[in-house]
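J.: quick one: sequence and predicted model below, then my questions.
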Amino acid sequence: MAVTGWLAGCGAGSGATSGTGGASTGGSSATGGSASGGSSASGGSSASGGSSASGGSSASGGSSASGGSSASGGASASGGSSASGGASASGGSSASGGSSASGGASASGGATGSGGATGTGGANPTQALSANIVVDQFGYRTSAEKIAVIRNPQTGFDSSQKFTPGAKYALVDANSGTKLLEAAPAQWNGGATDSSSGDKAWWFDFSSVTTAGTYFVLDETQNVRSDVFAISDSVYGDVLVQAVRMLFYQRDGFAKTAQYAGAAWADAAAHTGMCYLYNDTTKTLNKDLHGGWWDAGDFNKYTNWGASDIIELMHAYVETPAAFTDTTNIPESGNGVADLLDEVKWELDWIGRMQQSDGSVLSVVDEPSAPAPNATNGSPNTAPSTVTAPCFYGPASTSASLTAAAAYAYGAVVFGAATGAGTAYPGYAAGLVTKAQQAWTWAQAHPAVFFYNSKSSPTVAAGDQEVDMSNQTYGLLIKQLQAAVYLFEATGTTTYRDFFDANYSGVNLIKSGYSDGSHGEEQETLLEYTRAANATPSVVSAIKTKYLGSLQTSSNLGAVTGSPDPYLAYLTGYWWGINQTKSDQGNLLYDVVTFGIDAGTSATAAKGAERYVHWLHGVNPLQLVFLSNMGDHGATKSVTRFFHSWYQKGSYWDAVGVSKYAPPPGYLTGGPNPSYTWDGCCPSGCGTGNSCGGNTMPAPPAGQPDQKSYLDFNDGWPLDSWSVTEPDDGYQAKYIRLLSKFVH
């Protein structure tokens with residue numbers, strides 16, 4: 001994974017210690033950091049065999065920029081990537097909320113997917129669009145809370161853009177001009193400036209309006225408006241389709257034809273050759289490890305992270321199966337199985353290839369990418385299929401074998417029960433049970449085999465996927481418990497239940513009574529046990545009691561009832577990969593509903609969870625949808641570019657409205673990162689042709705209040721945009737799971 005993942009060497013490891021902050025896969029996080037994926041060699045140096053390392057080591061995660069620091073004007077990064085408000089408008093995107101028509105979510109690549117986002121039709125308001133009135137640019141469900149945030153910037157790059165709201169606001173039907181509701185905006189926190197955003201704020205609550213339609217919020221005095229948005233119970237259907245289709249674009253070793261990918265993203269199969277063991281000096285190509293998904297913005301693949309991602313996606317399906325259709329225009333569409341599960345199978349099959357005959361599972365595959373277009377002889381054609389250098393892999397490890405065992409076992413449960421899966425994939429579920437048992441058996445016989453790929457010689461891939469070196473025992477405990485839960489569900493064998501019962505009390509949630517959006521995997525491992533058939537009742541009760549107690553804090557349910565963030569999506573801090581943490585904080589709250597924790601708390605928890613969706617969809621100080629290229633899917637201002645080895649700066653796919661093509665829709669980027677920094681060689685020591693764009697770091701993202709620490713840029717080394725804009729399959733999985741709760 002990317003982000004989070006790029007924190008190797010900065011205190012965030014996978015699988016171990018507990019702390020506040022940071023997104024974690026493998027159950028661990030360092031204070032303020034995130035642990036899921038992909039830190040790279042400094043300066044984008046290539047690993048042995050020609051693989052380009054994507055990115056660099058990060059500054060320690062979670063440090064926040066002082067709330068009052070401001071930079072003048074939002075300076076542009078090298079090469080012209082700029083951002084008024086930390087992100088440029090989505091060039092060529094539809095105005096006033098987008099062009100997606102009601103009733104048929106259009107999947108990229110030409111087919112119509114179901115889910116049906118209600119778009120804004122022919123609405124064309126005459127009032128000027130204001131960056132100071134922010135809403136969910138896609139819209140709101142009819143019964144949901146609906147609050148527009150009016151903002152008056154005090155600190156940060158936009159501090160000169162002062163705004164005083166008028167005395168009366170209105171919700172206006174965008175087609176007829178009818179005012180459905182008028183009210184005075186309510187001042188947030190007595191007029192205080194929020195340190196995390198640098199803004200003063202007001203709220204205009206129009207939750208009472210439940211009539212489906214197309215609307216905008218109007219400041220009647222200033223005669224300026226919000227984005228146009230929909231109120232509809234199908235408002236997020238198309239958004240979810242595009243988010244799931246991101247996984248199709250991330251497929252490795254698969255030809256993407258124009259029929260399914262769209263002409264702009266058609267490409268031949270990449271990385272189809274054999275791989276060699278990373279330290280084999282003869283480079284004997286002896287393993288077929290094709291397939292799976294590229295983990296993030298590079299082309300590397302990691303067993304620990306990939307297995308965690310598909311477990312999260314299978315949770316999404318199991319918890320809200322009706323949200324996922326078989327009509328999103330991928331090659332498997334129409335086979336009777338939800339397309340999300342077809343994507344899961346693509347990744348799961350690759351993890352199957354990583355398993356060896358003795359049951360062990362290889363840890364990581366390093367795959368090269370095309371040279372940057374500004375490099376010597378670098379071409380703007382950076383399509384994955386242009387790469388011819390071979391891949392190489394890391395050896396088996398205990399952690400990879402345990403995480404794979406969990407994914408195989410849960411896959412057996414899900415594919416064994418999913419509609420159409422038995423017909424489309426006969427015998428598949430049973431085969432997964434066998435693979436899970438073999439991986440578990442090997443891990444029990446080899447309890448301490450580690451591979452730290454970022455510290456190996458030569459290094460492999462770009463980010464250490466292993467459990468935290470400083471607390472290996474805890475990291476492996478989480479993975480053992482996870483594998484035991486899913487194997488118990490898949491087989492009913494009480495040995496797995498007995499292991500869980502004897503060891504679950506070692507999990508930090510149980511020991512400390514603390515939960516947050518950075519430890520989702522270990523928390524959900526505990527919660528999954530509570531719905532397993534024949535689970536021990538006393539253990540189930542203990543887990544639910546601890547979980548509910550952990551939510552009764554000012555940073556969890558207290559943040560829903562007390563609203564410490566004017567943008568209504570509170571976190572204790574901001575760090576690398578914060579959009580994953582935003583998503584998982586929403587999942588943390590919604591788990592009250594999902595796992596039947598407490599009926600009396602469910603409504604508050606669900607409302608709080610949906611607020612994190614709104615933040616990602618534009619209710620933030622940047623008025624930005626943190627998904628790529630969503631102009632044709634309902635967004636006025638979405639991400640136009642992001643760090644990715646395919647969609648590189650200067651390539652044919654550089655940015656919406658700039659390059660020959662654009663990045664595909666639906667990629668969730670990392671998000672605001674106050675610990676962003678450029679490479680240490682900057683501003684003038686990076687060598688000929690390697691510009692830092694000036695004598696000071698681009699601001700934003702540097703030198704901003706936390707929520708404004710974002711720039712819509714995709715520069716590689718030495719500006720190192722990856723810590724801000726790189727996508728990651730782990731971010732995507734968390735977001736898909738959260739969004740699906742609100743798609744019916």
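T.: Yep, that arrived. In this text, all values refer to a predicted model and were calculated from it rather than measured experimentally.

J.: how far away is the nearest residue to residue 420 once chain neighbours are set aside from residue 744?
T.: Closest residue to residue 420 apart from its sequence neighbours, by Cβ to Cβ, 6 or more residues apart in numbering: residue 336 at 3.0 Å. (Glycine included, C-beta is placed from N, CA and C.) Here residue 336 is placed at a distance of 21 Å from residue 744 (Cβ to Cβ, to the nearest Å).

J.: ok, now residue 346?
T.: Residue 346 is 26 Å from residue 744, by Cβ to Cβ.

J.: tell me which of those two has more neighbours.
T.: Each of residue 346 and residue 744 has its neighbours counted (other Cβ atoms under 10 Å); residue 346 has more, 22 against 13.

J.: so that one: helix, strand or coil?
T.: Following DSSP: H, G, I helix; E, B strand; the rest coil, residue 346 is assigned to helix.

J.: so who does it touch?
T.: 247, 251, 254, 291-293 (Cβ atoms under 8 Å, 6 or more residues apart in numbering).

J.: among those residues, which are in helices?
T.: residue 247 (DSSP state H).

J.: most neighbours of all the contacts of residue 346, which one?
T.: residue 292 (29 neighbours).

J.: test my guess that that one contacts residue 350.
T.: Yes: contact status for residue 292 versus residue 350: in contact at 3.0 Å, counting by Cβ atoms under 8 Å.

J.: now do the shared contacts for those two.
T.: 252, 301, 306.

J.: surely residue 312 and residue 732 touch.
T.: No: in this structure, residue 312 is not within contact of residue 732 by Cβ under 8 Å, at 9.3 Å.

J.: so between the two, which is more surrounded?
T.: More crowded of residue 312 and residue 732, by other Cβ under 10 Å: residue 732, with 28 against 25.

J.: centre of the chain to the helix or strand containing that one, how far?
T.: Element membership for residue 732 (DSSP states H and E) is helix 729-740. From the chain centre to the centre of helix 729-740 is a distance of 6 Å (Cα atoms, centre = their mean, to the nearest Å).

J.: tell me the confidence at residue 90?
T.: pLDDT, residue 90: 35.

J.: go on, the one 3 residues further on?
T.: Residue-level confidence at residue 93 comes out at 36, pLDDT.

J.: check residue 517 too.
T.: 92.

J.: in contact with it, which residues?
T.: Counting by Cβ under 8 Å, 6+ apart, residue 517 has contacts 23, 571, 581-588.

J.: next, residue 425: phi, psi?
T.: phi -130, psi 70 (degrees, to the nearest 10).

J.: tell me the predicted confidence for it.
T.: Confidence at residue 425, expressed as pLDDT, is 98.

J.: spatially nearest residue to it (excluding sequence neighbours)?
T.: Nearest one to residue 425, counting by Cβ to Cβ, 6+ apart, is residue 415 at 6.4 Å.

J.: so how far is the helix or strand hosting that neighbour off the chain centroid?
T.: Using DSSP H and E, residue 415 sits in helix 398-417. Relative to the chain's own centre, helix 398-417 is displaced by 21 Å; criterion: Cα atoms, centre = their mean.

J.: before we move on, what about stretch 364-378?
T.: Using Cα atoms, centre = their mean, the offset of stretch 364-378 from its chain centre is 24 Å.

J.: tabulate the CA atom coordinates of that stretch in PDB.
T.: Provided in PDB are the C-alpha atoms of stretch 364-378 (Å, rounded to 0.1, in the frame of the first residue of the first chain):
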ATOM      1  CA  VAL A 364       6.500  -9.500  -2.000                       C
ATOM      2  CA  VAL A 365       7.000  -9.000  -5.700                       C
ATOM      3  CA  ASP A 366       9.000  -6.000  -7.100                       C
ATOM      4  CA  GLU A 367       7.900  -4.900 -10.600                       C
ATOM      5  CA  PRO A 368       9.600  -2.100 -12.600                       C
ATOM      6  CA  SER A 369       7.800   0.900 -14.100                       C
ATOM      7  CA  ALA A 370       8.600   3.000 -17.100                       C
ATOM      8  CA  PRO A 371      11.100   5.800 -16.800                       C
ATOM      9  CA  ALA A 372       9.700   9.300 -15.900                       C
ATOM     10  CA  PRO A 373       9.000  11.300 -19.000                       C
ATOM     11  CA  ASN A 374      11.500  14.000 -17.900                       C
ATOM     12  CA  ALA A 375      14.300  11.400 -17.500                       C
ATOM     13  CA  THR A 376      16.900  10.700 -20.200                       C
ATOM     14  CA  ASN A 377      15.100   9.100 -23.100                       C
ATOM     15  CA  GLY A 378      11.900   9.100 -21.100                       C
END
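
J.: for it, list every residue counted as buried.
T.: 364-375 (16 or more other Cβ atoms under 10 Å).

J.: mind checking which of the shared contacts of residue 292 and residue 350 land in strands?
T.: Using DSSP state E, the members of the shared contacts of residue 292 and residue 350 that fall in strands are residue 301.

J.: could you pull up the mean pLDDT of stretch 641-655?
T.: On average, stretch 641-655 scores 97.

J.: how about stretch 178-194?
T.: On average, stretch 178-194 scores 98.

J.: again, but for stretch 356-363
T.: 98.

J.: try stretch 220-236
T.: 98.

J.: now do the buried residues in that stretch.
T.: By neighbour count on 16+ other Cβ under 10 Å, the buried set for stretch 220-236 is 222, 224-236.

J.: got these as TSV, with distance to residue 274 and secondary structure columns?
T.: Formatted as TSV, those follow (distance: Cβ to Cβ, whole Å; DSSP: H, G, I helix; E, B strand; the rest coil):
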residue	distance to residue 274	secondary structure
222	64	coil
224	60	strand
225	58	strand
226	54	coil
227	50	coil
228	52	coil
229	50	strand
230	50	strand
231	54	strand
232	50	coil
233	50	coil
234	46	coil
235	47	coil
236	42	coil
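
J.: which intervals of the stretch 451-600 of the chain have sub-threshold pLDDT?
T.: Judged by pLDDT under 70, the stretch 451-600 of the chain has no weakly predicted residues.

J.: can you pull out the helices in it?
T.: Secondary structure of the stretch 451-600 of the chain, counting by DSSP state H, counting those that start in this stretch: helices at 472-491, 494-503, 508-512, 520-529, 537-551, 557-562, 578-594, 599-616.

J.: skipping adjacent residues, who's closest to residue 408 in space?
T.: Closest to residue 408 by Cβ to Cβ, 6+ apart is residue 436, at 3.7 Å.

J.: pretty sure that neighbour is touching residue 403, no?
T.: No: the pair residue 436 / residue 403 is not scored as a contact, 11.0 Å apart, by Cβ under 8 Å.

J.: now do the shared contacts for these two.
T.: With Cβ under 8 Å, 6+ apart, residue 436 and residue 403 have common neighbours residue 483.

J.: more neighbours, these two?
T.: Ranked by neighbour count (other Cβ under 10 Å), residue 436 and residue 403 place residue 403 first, with 35 against 26.

J.: show me the contacts for that one.
T.: Residues in contact with residue 403 (Cβ under 8 Å, 6+ apart) are 26, 303-304, 307-308, 479, 482-483.

J.: who does the helix holding residue 732 touch, helix- and strand-wise?
T.: Counting contacts by 3 or more Cβ pairs under 8 Å, 6 or more residues apart in numbering; DSSP states H and E, helix 729-740 is packed against helix 3-6, helix 237-249, helix 303-319, helix 578-594, helix 599-616.

J.: now do 7 Å
T.: helix 237-249, helix 303-319, helix 578-594, helix 599-616 (3 or more Cβ pairs under 7 Å, 6 or more residues apart in numbering; DSSP states H and E).

J.: residue boundaries of the strands in the stretch 151-300 of the chain?
T.: Per DSSP state E, counting those that start in this stretch, the stretch 151-300 of the chain carries strands over the ranges 169-173, 179-183, 186-187, 199-205, 213-219, 224-225, 229-231, 275-277.
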